[in-house]
Structures are given as structure tokens and as C-alpha cells.
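1. Here you go, sequence then predicted model.
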Amino acid sequence: MFEKILVANRGEIAVRIIRACKELGVRTVAIYSEADAAALHVRLADEAVCVGPASSARSYLNIPNIISAALLTGAEAIHPGYGYLAERARFAEICEDHGIEFIGPRPSTIECMGDKAKAKKAMEAAGVPVIPGSDGPVESDSEALKIAGEIGYPVIVKASAGGGGKGMRVVYCQEDLLRSLNLARAEADAAFGSGEVYIEKFIYKPRHVEIQIVADKYGNVAHLGERECSLQRRQQKILEEAPCVAITPKMRQAMGEAAVAGAQAVDYISTGTVEFLVDQDGNFYFMEMNTRIQVEHPVTEMITGIDLVKEQLRIAAGEKLSFRQEDITLRGHAIECRINAENPQAGFIPSPGVITAYHAPGGMGIRVDSGIYQGWEVSPFYDPMIAKVIAWGRNRDEAIGRMEAALSEMIIEGIATSIPFHLELLRDEGFRSGRFHTKYIEEEFMAGK
């Protein structure tokens, strides 16, 4: 095991990684921007290095400064968390060039899975079901018209190098295709530096279901069941749960086997997530693969008892998986609510400011992952997610009840948060019945509000 690692992130995920390291007896180095000098992850780490001013581009994305911090402190490895540099193949390569272990997949795997067109080809070759569409980036308008005509409308145009809904357009008829194609290319180029787009069949009201996989350096790969991630707003997840109420044991096995096959096909190492769209007939299709720890990983930990971050650290240090596929048992139900510093009553605008009072909920089956404390100032420079509340129950109803009780108990004053929105969602009949899809929040739950 490593003696010291650098955590190249901030907020709750940095705190989460530092806690896992403490359990393993690994010393930690935190990095921080000038705006984060008093952040909780800085306080909890054994050492801390300022890597730049408030701007992420000049601090948390400043690769030369981060590598220098690792070398100066003697860190043997870097854990990137999620976001920022977690899926930058070039960053992983630079770590290797400097003799620093990157806690994640190989650069070639990150590069392949980061390009949606390449990822789709790789998964299709591995026998993973994929959505009908173009074989790669669409090269011309005539090719786009031909492909869309063959697979049938509606279709969706997606950025090859994208995510988070940018460079994405749903097209319902031939007359709108070329205009949507040009808009998607321009948006993708502005957001990701690449205007390449591809076309797929649009799946109506699908579920977004992902499979957690873990793989070591010796070819051992296992999946840890699925997570339901359909409840989203503007392509950003709001609430996740595990397992998914719409997945049968037979589907779980098929999706898990497909995810493992896909991971093996790209020689995957570390934790990762294979994301699928599930249509209303129960068919599932590969959407993308995230080559990092996910924000929603705690729900999987709660129903399996496996610490995914510690598993990442062990794998990076050269150890074998600590479990086999047959050891995995899903127990109970877990739900995660992402708590954001934003005002749902004012169009979800960010709500930075000083937290004047804070009380974290507790009780049986409750977990809170956060990087906040009373007196800390929520910065306007970064993502508004400030905490995650996770509730476990013996069944879904118990998990919902515990989550509702936990959020009702939680106190965060001085700023607006999304807690009232979550409480309203938890009481919604569509959510409680499990009858929802990726557009449910915007098209049904929030309709008329």
C-alpha cells in the first residue's frame, strides 16, 4: 500500500478519499485554491499545498502545479476524485511520466471511453447492446440525413467528446435535422474543443440505469449491481438509488454481464461505471462509460458493504480484488439526495455565502458525505453541490422514510439549499410508485410549478 497520496480535488469527494486513506494508514496531501484555504479537506489532510487562485483553470485544473505539489511532498500516487482531471487521459500520462501512480484506469482506456463514438464501437465489438446509430462521428450533412432516414425519427445528435447535455439535440423530423446538427456542432466545439457529433435513435422516456464495475490489474472484474439515476434536471442527476425498482434479477444479471464484458474488452482497471438507457419494454442499451468514481457511489456501498474508494486504492497499489463476483450480495435499498447550494424557488440560482448554522442528520441507516461546517463560506467559483445524504433501509419504503426524516432534521442556514425540493420529490406519488424516467422532473414533477 502507498505511504502517501495526493488528493487532486476538493469538497466532499476530497474528504471522502482522505477518510478512506486514514482507515488504510495512508498519509494524504490536499491541494487547494486560495478560495479554499479554510476548506474541510484542507483541515483533514496531513499536508496541504496551495496550487493557485480561485479560478479552477488556475488551481484544480493546473496540472504543472499539481504535479509539482506531488513531487515536493513525496506523494507516490494521485487520486483525482470525480470531475476536474479525473477523466483527462493526458493527466494520467503525465502522472506516469513523473513516476506517480494515477489512481484510475490506464490513459488509453480513459481516452477510448471519453470519445463516445469510440466507446460505442468498443462496446459493440464486445457484444454489449448499443443504440442504433452512426458508426462514428457524422462527416457530412448527406451522411446525417441518410443515417437518420435509416434508423427512423426521432433521433438524437450528441457530441462525441461531450457530456452533461452539451452538444445534444433531439430531432423529430428531417426538416429540423441539419439546423440541429449545426447547433450541436457549434455547442460541442465551444464546450469541449471538438465539433464532432454522432447520431443515435432517440429512446422515448427511458430510464438511466448504471452498473458499477471494479477491476484489478490481474484481469479480475466484477459488477456490484445497478443504480437508478433517472431523476435528473437539465441532464444533471438529483437523486439516485440502488437497486432499481424496474430491474428484474434476470435483467440485473444480463446488464452486469454486459458491463463486465465491456470492461474486459478495454482492459479496464479500477472502479468504473457502465451507463445504460432502459426503454419501456425492458431493453437496455449502452450509453457511456465513466472511468472514475461516481458521485452516487455511496448507494452501492450501502447495499453491498464494499468500500469502493478503498478498493480503488488497493488496486492502484497492485493488490487483487478483495472479493469475487459470487461474494456480492445486494442487501436492502439505498437512496442518495444531492444537496446543492441553490434556490429552487428562484429557478435554482446558486446561493453562495457563509453557513451560519449546520446540523447533520443521524440515526440508523443515515450517512452524510460533505465538506461543509458552520462558519464556512460556500464559494461562488465551484459546483454548487455541498453535501450528499444517503439513507439505507431494509426495503425502498423504509429508505424513503429514513431519507425524509433525515432531510427534515438537517439544518443549513445562511444560504438557500435544495433540501425543500428533495422533500417535495420524496413525497411525490410518481417517485414513490417508481414510475419515472429521465425527463420526469422537468416534464411531470415540475410542470406548472
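-> Done, it's in. Numbers count the residues shown, from 1 in each chain.
2. what residue ranges in this structure score low on pLDDT?
-> Filtered on pLDDT under 70, the chain yields the residue ranges 162-164, 448-449.
3. can I see the domain layout of it?
-> Here the domain parsing of the chain from automatic domain parsing is 4-103, 132-201, 207-445.
4. would you list those in JSON lines and tack on mean neighbour count?
-> In short, each C-beta sits where N, CA and C put it, glycine included. Converted to JSON lines, these look like this (neighbours: other Cβ atoms under 10 Å):
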{"stretch": "domain 4-103", "mean neighbour count": "20"}
{"stretch": "domain 132-201", "mean neighbour count": "17"}
{"stretch": "domain 207-445", "mean neighbour count": "19"}
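5. list the helices and strands the helix or strand hosting residue 122 packs on?
-> Assigned by DSSP states H and E, residue 122 belongs to helix 116-125. Under the contact definition 3 or more Cβ pairs under 8 Å, 6 or more residues apart in numbering; DSSP states H and E, helix 116-125 sits against helix 107-114, strand 197-201, helix 249-265, strand 284-290.
6. hang on, the earlier thing: for the domains of the chain, which one sits closest to residue 112?
-> Ranking the domains of the chain by their distance to residue 112 (criterion: Cβ to Cβ) puts domain 207-445 first, at 5.8 Å.
7. quick one: residue 139 and residue 285, what's the gap?
-> Residue 139 sits 23 Å away from residue 285, taking Cβ to Cβ, to the nearest Å as the criterion.
8. swap that for residue 332, please
-> 28 Å.
9. same thing with residue 81?
-> Using Cβ to Cβ, residue 81 is found at 28 Å from residue 285.
10. One more: residue 189?
-> Distance, residue 189 to residue 285, using Cβ to Cβ: 27 Å.
11. Equivalent analysis for residue 343, please.
-> Residue 343 is 36 Å from residue 285, where distance means Cβ to Cβ.
12. quick one, strands of the stretch 201-350 of the chain?
-> Along the stretch 201-350 of the chain, the segments classed as strands by DSSP state E, counting those that start in this stretch run 207-215, 221-233, 236-242, 270-278, 284-290, 333-340, 342-343, 349-350.
13. Out of these, which is closest to residue 252?
-> Nearest to residue 252, of all these, is strand 221-233, at 6.1 Å by Cβ to Cβ.
14. Strand 333-340 and the closest one, what's the angle between them?
-> Using axes from the mean of the first three to the mean of the last three Cα atoms, to 10 degrees, one finds that strand 221-233 and strand 333-340 are set 50 degrees apart in direction.
15. Report all helices and strands that strand 221-233 contacts.
-> Strand 221-233 is packed against strand 207-215, strand 236-242, helix 249-265, helix 297-304, with contacts defined by 3+ Cβ pairs under 8 Å, 6+ apart.
16. the helices in the stretch 51-200 of the chain, which residues?
-> Counting by DSSP state H, counting those that start in this stretch, the segments of the stretch 51-200 of the chain that form helices are 63-73, 89-97, 107-114, 116-125, 141-151, 174-192.
17. Could you pull up the residues touching the residue nearest the centre of the chain?
-> Note on the chain: the residue nearest the mean C-alpha position is residue 294, at 3.6 Å, using Cα atoms, centre = their mean. When contacts are counted by Cβ atoms under 8 Å, 6 or more residues apart in numbering, residue 294 touches 82, 210, 212, 227, 273.
18. From these, pick the one nearest residue 46.
-> residue 82 (22.2 Å).
19. which residues sit in contact with the closest residue in space to the closest one that isn't next to it in sequence?
-> Distance criterion Cβ to Cβ, 6 or more residues apart in numbering; nearest residue to residue 82, sequence neighbours excluded, is residue 292 at 5.1 Å. Residues in contact with residue 292 (Cβ under 8 Å, 6+ apart) are 80, 81, 82, 86, 87, 104, 271, 272.
20. same thing but 6 Å
-> By Cβ atoms under 6 Å, 6 or more residues apart in numbering, residue 292 lies in contact with 82, 86, 87.
21. again, but for residue 372
-> The contact partners of residue 372, taken as Cβ under 6 Å, 6+ apart, are 355, 386.
22. same check, this time on residue 242
-> By Cβ under 6 Å, 6+ apart, the neighbours of residue 242 are 227, 299, 300, 303, 334.
23. Contact partners for the closest residue to it other than its chain neighbours?
-> Leaving out its chain neighbours, the residue that sits closest to residue 242 by Cβ to Cβ, 6+ apart is residue 299, at 4.2 Å. Counting by Cβ under 6 Å, 6+ apart, residue 299 touches 227, 240, 242, 334, 336.
24. what's stretch 27-47 in contact with?
-> Outside stretch 27-47, the residues that reach it (Cβ under 6 Å, 6+ apart) are 4, 6-7, 10, 14-15, 18, 21, 48-54, 59, 69, 73, 75, 371, 373, 379, 381.
25. Pull it out as CSV, backbone CA atoms only.
-> Taking Å, rounded to 0.1, in the frame of the first residue of the first chain, the C-alpha atoms of stretch 27-47 are listed here in CSV:
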residue,chain,number,x,y,z
ARG,A,27,-0.9,9.8,4.7
THR,A,28,-2.6,12.5,2.5
VAL,A,29,-1.7,15.7,0.7
ALA,A,30,-4.6,18.1,0.0
ILE,A,31,-4.4,20.7,-2.8
TYR,A,32,-6.5,23.9,-2.5
SER,A,33,-7.1,27.2,-4.2
GLU,A,34,-6.8,30.5,-2.5
ALA,A,35,-10.6,30.5,-2.1
ASP,A,36,-10.5,27.1,-0.3
ALA,A,37,-7.8,27.8,2.2
ALA,A,38,-10.2,27.1,5.1
ALA,A,39,-11.9,24.1,3.4
LEU,A,40,-12.6,20.9,5.4
HIS,A,41,-10.5,18.7,3.1
VAL,A,42,-7.5,21.0,3.8
ARG,A,43,-8.0,20.7,7.6
LEU,A,44,-8.3,16.9,7.5
ALA,A,45,-5.3,16.1,5.3
ASP,A,46,-1.9,15.5,6.8
GLU,A,47,-0.4,18.2,4.4
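26. and the strands of the stretch 201-350 of the chain as CSV, adding distance to residue 124?
-> Output for these, formatted as CSV (distance: least, Cβ to Cβ, whole Å):
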stretch, distance to residue 124
strand 207-215, 17
strand 221-233, 19
strand 236-242, 26
strand 270-278, 13
strand 284-290, 8
strand 333-340, 31
strand 342-343, 39
strand 349-350, 40
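27. mind checking which of those strands is nearest residue 322?
-> Of all these, strand 207-215 comes closest under Cβ to Cβ, at 9.3 Å.
28. that older thread, do you know how far the residue nearest to the centre of the chain is from residue 216?
-> Applying Cβ to Cβ, the value for residue 294 to residue 216 is 19 Å.
29. same check, this time on residue 395
-> Distance of residue 395 to residue 216, computed by Cβ to Cβ: 33 Å.
30. Same question for residue 257.
-> 18 Å.
31. With residue 319 instead?
-> Separation of residue 319 from residue 216 (Cβ to Cβ): 7 Å.
32. With residue 190 instead?
-> Counting by Cβ to Cβ, the gap from residue 190 to residue 216 is 39 Å.
33. Repeat that for residue 333.
-> 28 Å.
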